[in-house]
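**Student:** Give me the fold of what follows.
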Amino acid sequence: MSKFFSGIAGIAIAAALAWSGPAAAQGTLRIGMTASDIPLTTGQTDQGGEGMRFMGYTVYDALINWDLSSADKPSTLVPGLATEWAPDAADKTKWVFKLREGVTYHDGSAFTAETVVWNLDKLLKPDAPQYDSRQAAQGKSRIPAVASYRAIDAHTLEITTKEPDATLPYQLAWIMMSSPANWEAQGKSWEAVAAHPSGTGPWKLTGFVPRERAELVPNPDYWDKTRVPKLDKLVLIPLPEPNARAAALMSGQVDWIEAPAPDTIPAMQANGFVITSNTYPHNWTWHLSRLDGSPWNDIRVRKAANLAIDRDGISALLGGLMIPAKGFMPPGSAWFGHPTFDVKYDPEEAKKLLAEAGYGPDKRLKVKALISPSGSGQMLPLPMNEYIQQNLAEVGIDVEFMVVEWNQMINLWRAGAADAAVDGSQSINFTYAIQDPFTGFIRHLDCKLTAPNGTNWGHYCDPDMQKLFGEIKTTFDPAEQEKVLQKVHEKFVDDALFLMVAHDVAPRAMSPKVKGFVQAQNWYQNFSSITME
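**Tutor:** Below is the predicted model of the structure:
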């Protein structure tokens, strides 16, 4: 076990846990996150999907939430702060939302349609007094469909979209509601709100120290009594280095860690720690630049790179804690369809395709890739990318890495491939939550969603794909929409639009004292059912 406490791991633990004091009392769950900092606490979180997992769906609610109650079936949307919603039968751009009555923010103020308008203004209206550029950077790109909105009465909201868009409910599931009254009480300062936030969620934040620790306690008045937390306290500790997380768990300084390093798992299991995992809609890819001059514009190069990757070897590297990619969606997805390009390991065919594209031993292809050392859903990015670098080199593609911290990576992802800050990188290793049509497909490749309007990082634009995206938005019948989504995925795969590597299974390691956790097939998780033995 001594290797867990060597070098940087020991230093990281000392920094993160320096003031943790004696062992936590019964009823306190301490989690080691992969994030390097406490996620933004004001409503729209940073730190990617992990930020939403730990500081979004805990302190806050959306109008529409995800059902996180089952480990056995994919999550679906359920009523949150809105109890029902539907587009107008005569005008599919107009949606009416009936809001939950009797809900209060943590500060005691009432949740109403006017507070929803206030929250949307904080993201979308730069001239609004409450506009917050940090939250807007996290939330604006999540709701590109929204054109306008108004309160019809205290508990009825109308949202108008720019065009008919059946994906609006999925978009709104990203938008967290924070208290206008609290913002007023904190001197209209978002910095002050960060230290004393107020949402409607099942947890209340009682304090945090940046890069060290955050503490949350139950909200006993939460509107959904099935999600009132059973714990006394939830403590979040940033531990971005995998060995530091393992050391903290093994030494009893935390009770739970995200993304354990595979080589530490046997020792954990031998000491009675529990490893949990589950299928969920997530992939691990390289997103490719399609700007003029990018080598990825050649489909032969894109297919060659996909055929060069030994996914079974990467699975062995990860102790089997992944699903090898056969496409952008997991192989069992209802949206997978029937693509004709077989994503597999075939280095000889990769070399042949590169030769057809004009590359060979005397003219090796050189590419640059943005990667991070850790981060939300990034699995084990450094060893995985080093493995890919070796695979690609073996067929004639030489990769140079630009390594940046995870939150900076998110900023560069939003900035897009044309931004000077990416320093000529033609690819970015980014993992994606792919649990709905918008986050799974549209946001990555829609012509209208290049920076600064969205997260089409590579500036891809294809008329046929755009037509399919239009069909998704205008197909309101779920069964018919599924057929369109299959066509979209077939094009993702057959055109090799990403370097498709793996699907995560969200491994977690935890003390046997942790009871009642149900690992949902979702990026987010419910901590309210957990108790400490």
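
**Student:** Using PDB, list the CA coordinates for stretch 244-259.
**Tutor:** Presented in PDB, the C-alpha positions along stretch 244-259 are these (Å, rounded to 0.1, in the frame of the first residue of the first chain):
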ATOM      1  CA  ALA A 244      -4.500  10.600  -4.200                       C
ATOM      2  CA  ARG A 245      -8.200   9.600  -4.300                       C
ATOM      3  CA  ALA A 246      -7.200   6.000  -3.700                       C
ATOM      4  CA  ALA A 247      -4.900   6.900  -0.800                       C
ATOM      5  CA  ALA A 248      -7.700   9.000   0.800                       C
ATOM      6  CA  LEU A 249     -10.200   6.100   0.600                       C
ATOM      7  CA  MET A 250      -7.800   3.400   1.800                       C
ATOM      8  CA  SER A 251      -6.700   5.600   4.800                       C
ATOM      9  CA  GLY A 252     -10.200   6.400   5.800                       C
ATOM     10  CA  GLN A 253     -10.100  10.100   5.000                       C
ATOM     11  CA  VAL A 254     -13.000   9.800   2.600                       C
ATOM     12  CA  ASP A 255     -15.800   7.300   2.200                       C
ATOM     13  CA  TRP A 256     -16.300   7.300  -1.500                       C
ATOM     14  CA  ILE A 257     -14.200   8.200  -4.600                       C
ATOM     15  CA  GLU A 258     -15.100   8.800  -8.200                       C
ATOM     16  CA  ALA A 259     -13.100   7.000 -11.000                       C
END
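
**Student:** and that stretch, how far out from the chain's middle?
**Tutor:** Relative to its parent chain, stretch 244-259 has a centroid offset of 22 Å by Cα atoms, centre = their mean, to the nearest Å.

**Student:** again with stretch 243-257
**Tutor:** Per Cα atoms, centre = their mean, the displacement of stretch 243-257 from the mean C-alpha position of its chain is 23 Å.

**Student:** Count the neighbours of residue 277 for me.
**Tutor:** Using other Cβ atoms under 10 Å, residue 277 has 15 neighbouring residues. In short, each C-beta sits where N, CA and C put it, glycine included.

**Student:** oh, and call the first residue 41 from now on, that's how I've got it
**Tutor:** All set: I'll call the first residue 41, so the last point we hit is now residue 317.

**Student:** dump the residue contacts of it.
**Tutor:** 361, 545-548, 559 (Cβ atoms under 8 Å, 6 or more residues apart in numbering).

**Student:** how near is it to residue 374?
**Tutor:** Note on residue 317: its distance to residue 374, by Cβ to Cβ, to the nearest Å, is 21 Å.

**Student:** Least confident secondary structure element in this structure?
**Tutor:** helix 47-57 (a mean of 42; mean pLDDT, DSSP states H and E).

**Student:** Mind giving me the packing neighbours of the very next helix or strand once past it?
**Tutor:** Per DSSP states H and E, the first helix or strand lying C-terminal to helix 47-57 is strand 68-73. Identification of packing neighbours for strand 68-73 by 3 or more Cβ pairs under 8 Å, 6 or more residues apart in numbering; DSSP states H and E yields strand 273-278, helix 282-290, strand 296-298.

**Student:** quick one: which of the ones you listed is nearest residue 132?
**Tutor:** strand 296-298 (40.0 Å; Cβ to Cβ).

**Student:** Now do the helix or strand following that closest one: distance to the chain's middle.
**Tutor:** Remark: after strand 296-298, the chain's next helix or strand is helix 305-310, criterion DSSP H and E. Distance, stretch centre to chain centre, for helix 305-310: 28 Å (Cα atoms, centre = their mean).

**Student:** just checking, what packs against helix 305-310?
**Tutor:** So helix 305-310, by 3+ Cβ pairs under 8 Å, 6+ apart, packs with helix 282-290, strand 314-316.

**Student:** Now that helix: buried residues?
**Tutor:** Neighbour counts over helix 305-310 (16 or more other Cβ atoms under 10 Å) mark 305, 308 as buried.

**Student:** Going along the chain from the lengthiest helix in the chain, find the next helix or strand for me.
**Tutor:** Assignment by DSSP state H gives helix 518-534 as the longest helix of the chain. Downstream of helix 518-534, the next assigned helix or strand under DSSP H and E is strand 538-544.

**Student:** other SSEs contacting that following strand?
**Tutor:** Helices and strands touching strand 538-544, as assessed by 3+ Cβ pairs under 8 Å, 6+ apart, comprise strand 322-328, helix 339-348, helix 351-357, strand 362-364, helix 421-435.

**Student:** and if we set it to 6 Å?
**Tutor:** When contacts are defined as 3 or more Cβ pairs under 6 Å, 6 or more residues apart in numbering; DSSP states H and E, strand 538-544 sits against strand 322-328.

**Student:** Tell me how far the strand it packs on lies from the chain's centre.
**Tutor:** 12 Å.

**Student:** Stretch 148-159 now?
**Tutor:** Distance of stretch 148-159 from its chain centroid, counting by Cα atoms, centre = their mean, is 26 Å.

**Student:** count of neighbours near residue 247?
**Tutor:** Applying other Cβ under 10 Å, I find that residue 247 has 11 neighbouring residues.

**Student:** Which strand residues bridge the residue lying closest to it once chain neighbours are set aside?
**Tutor:** In this structure, residue 247 finds its nearest non-sequential neighbour in residue 255, 5.6 Å apart by Cβ to Cβ, 6 or more residues apart in numbering. Note on residue 255: beta-bridge partners by DSSP bridges are residue 247, residue 275.

**Student:** For residue 255, give me the pLDDT.
**Tutor:** Looking at residue 255, its pLDDT is 98.

**Student:** ok, now which ones touch it?
**Tutor:** 246-247, 275 (Cβ atoms under 6 Å, 6 or more residues apart in numbering).

**Student:** Let's see that with 10 Å instead.
**Tutor:** By Cβ atoms under 10 Å, 6 or more residues apart in numbering, residue 255 lies in contact with 68, 70, 243-249, 273-276.

**Student:** Restricted to buried residues, select these in PyMOL.
**Tutor:** Under the burial definition 16+ other Cβ under 10 Å, those of the contacts of residue 255 that qualify are selected in PyMOL by:
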select buried, resi 68+70+243+244+245+248+273+274+275+276
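
**Student:** mind putting the contacts of residue 255 in TSV, pLDDT and distance to residue 451 included?
**Tutor:** Shown next, in TSV, are the contacts of residue 255 (pLDDT from 0 to 100; distance: Cβ to Cβ, whole Å):
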residue	pLDDT	distance to residue 451
68	97	34
70	98	29
243	98	27
244	98	29
245	98	24
246	97	29
247	92	27
248	92	22
249	95	23
273	97	32
274	98	28
275	98	28
276	98	22
